[in-house]
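[1] Would you be able to build a 3D model of this:
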Amino acid sequence: MHSSSITFHVKFYLFSITCCTGLLLFQPPTTTFTRKILSPNVALYATSPSSSSSSSSNLIGIGEPTELPDSLVDSAQIAAQCCANLVTNDVTNRCRVDFDTSVGDETYTTLKSSLSFGVEFISALCYALVPGAQDLKQDEMIRVVNAKSQLSKVEKELEVSAGGGGEEVELVLSEEQKVFVAELQEIITNNGVIDEKWEGPIFRVYFPDEGSAALARRDWKIGTAEALVPSCVDLSSVGGVQIQDTERDVINMFFCPKASEAEFVEEVLYAGEASGNIILSLFLNPNLVDMGVTGFGMAGRMLRERLLDDLTTAYYLRTLSWGALTRAWPRDFSVWQESEEYETGYKLIKTLNYLPANPEVEDIYDIENGSMVDPNDRSLGILDAVGDFVNGMMRL
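    Down below sits the predicted model:
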């Protein structure tokens, strides 16, 4: 060792690597489910990324019930896979994802309660559909693994040179070694992210206004090594003058669009699709029809026909006071009820090939629990029907 060497203890911090790059600064309460495995020997989805002309009839799960997710992260990953399946199987380039675990709690706005889910969902969908995003993530993980390996190697070499016999010893590094160790530790601290501008395709997320977009940039740490979403993600807002360069955009997501922004959403949607580069237009928790803005008359109906009616529900999860309603395309909508009799904590009570309205969901629960007679049961008498009518009126 040189006489100019400085003595210090080398501290190594080994960090676990996950696809989740961090936690949101703001996380509202979420609901955790235990998934009931309906077909343990069959894959949940059949995806053929290499063949965009695959027939949707070859997908596994058509006509089958949808299982409940294990967690928010699991739900986001399933939702991303469903959206990717729609694109890779050439089914549609427009879809929607609805995620609501508030159970009627209005403490948080729809946008705020969607942020945690949005981070996980956007990241998973980037890795599934944006060319180069998954490769970049793998490169980052490899850098971290290599950095940890090299740090461990340096530590062992120093222990040997210091004559350590397994006991804690004082390690001496030269200036050159100090610089090398610092570089390796920086790679680990930054999760393998290097300071290079992303030049590939863009996943653009449109927020309802510039204020919410600015808050998301801050909370998601966009443009930093600690960013919670991949570097291919860019945030914008609908409304006003659109000045961003959209030539490289391949996915447009409208994050909790509201009825007041419906006109701007349409403009951005059609302009993006007219470019020919957009492979998916996605709506997350849309609320584009509001009686106070569009009304439920002609204006609301025309808006539904133009925007909402043609949207395929790729994923749906809404928690209820007694259970949950969920759907993961191409599976059916499934109504689950909490039940202590089942090991998973939930039992499947109904499967439908369409999204049921709120009254119908409540009727399904009442029929299952004997509070209401199934109107489709032809064996019922007139008195049963009258009794159900009276009970229904009393609930109003």
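
[2] In terms of pLDDT, where does Ala124 sit?
    Per-residue confidence at Ala124 stands at 96 (pLDDT).

[3] Does it touch Gln77 like I think?
    Yes. Between Ala124 and Gln77 there is a contact under C-beta atoms under 8 Å: 4.8 Å. In short, each C-beta sits where N, CA and C put it, glycine included.

[4] in stretch 261-271, what's buried?
    261-262, 264-266, 268-269 (16 or more other C-beta atoms under 10 Å).

[5] Can you flag which of these belong to helices?
    262, 264-266, 268-269 (DSSP state H).

[6] From the structure, what's the count of residues near Asn353?
    Asn353 has 10 neighbours, counted by other C-beta atoms under 10 Å.

[7] contacting residues for it?
    63, 332-333 (C-beta atoms under 8 Å, 6 or more residues apart in numbering).

[8] Can you tell me which of those are classed as buried?
    Looks like those have 332-333 buried, using 16+ other C-beta under 10 Å.

[9] just the contacts of Asn353 now: which is nearest Leu355?
    Leu355 lies nearest to Phe333 out of the contacts of Asn353, by C-beta to C-beta, at 5.7 Å.

[10] which one is the residue nearest the centre of the chain nearest to, not counting chain neighbours?
    Ranked by distance to the mean C-alpha position of the chain (C-alpha atoms, centre = their mean), the top residue is Phe121 at 1.8 Å. Nearest non-adjacent residue to Phe121, counting by C-beta to C-beta, 6 or more residues apart in numbering: Ala76, 4.0 Å away.

[11] and the gap between the one you found and Phe99?
    8 Å (C-beta to C-beta, to the nearest Å).

[12] coming back round to it: helices or strands next to the helix or strand encompassing the residue nearest to Phe121 in the packing?
    Following DSSP states H and E, one finds Ala76 within helix 72-88. Secondary structure elements in contact with helix 72-88, counted by 3 or more C-beta pairs under 8 Å, 6 or more residues apart in numbering; DSSP states H and E, are strand 94-100, helix 110-129, strand 280-284, strand 312-319, strand 323-328.

[13] The same query, at a cut-off of 10 Å, please.
    Where contact means 3 or more C-beta pairs under 10 Å, 6 or more residues apart in numbering; DSSP states H and E, helix 72-88 is packed against strand 94-100, helix 110-129, strand 249-255, strand 280-284, strand 312-319, strand 323-328.

[14] Quick one: these as JSON lines, columns for distance to Pro201 too.
    Converted to JSON lines, the helices and strands packed on helix 72-88 look like this (distance: least, C-beta to C-beta, whole Å):
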{"stretch": "strand 94-100", "distance to Pro201": "18"}
{"stretch": "helix 110-129", "distance to Pro201": "9"}
{"stretch": "strand 249-255", "distance to Pro201": "4"}
{"stretch": "strand 280-284", "distance to Pro201": "11"}
{"stretch": "strand 312-319", "distance to Pro201": "20"}
{"stretch": "strand 323-328", "distance to Pro201": "26"}
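
[15] Mind giving me the packing neighbours of whichever strand or helix holds Lys178?
    Here Lys178 sits within helix 175-189, counting by DSSP H and E. Packing contacts for helix 175-189, counted by 3+ C-beta pairs under 10 Å, 6+ apart, involve helix 133-161, strand 172-173.

[16] Return the set of buried residues in that helix.
    Neighbour-count burial for helix 175-189 [16+ other C-beta under 10 Å]: 177, 181, 184-185, 187-188.

[17] What is the nearest of these to Trp198?
    For the buried residues of helix 175-189, the nearest to Trp198 is Ile187 (18.5 Å; C-beta to C-beta).
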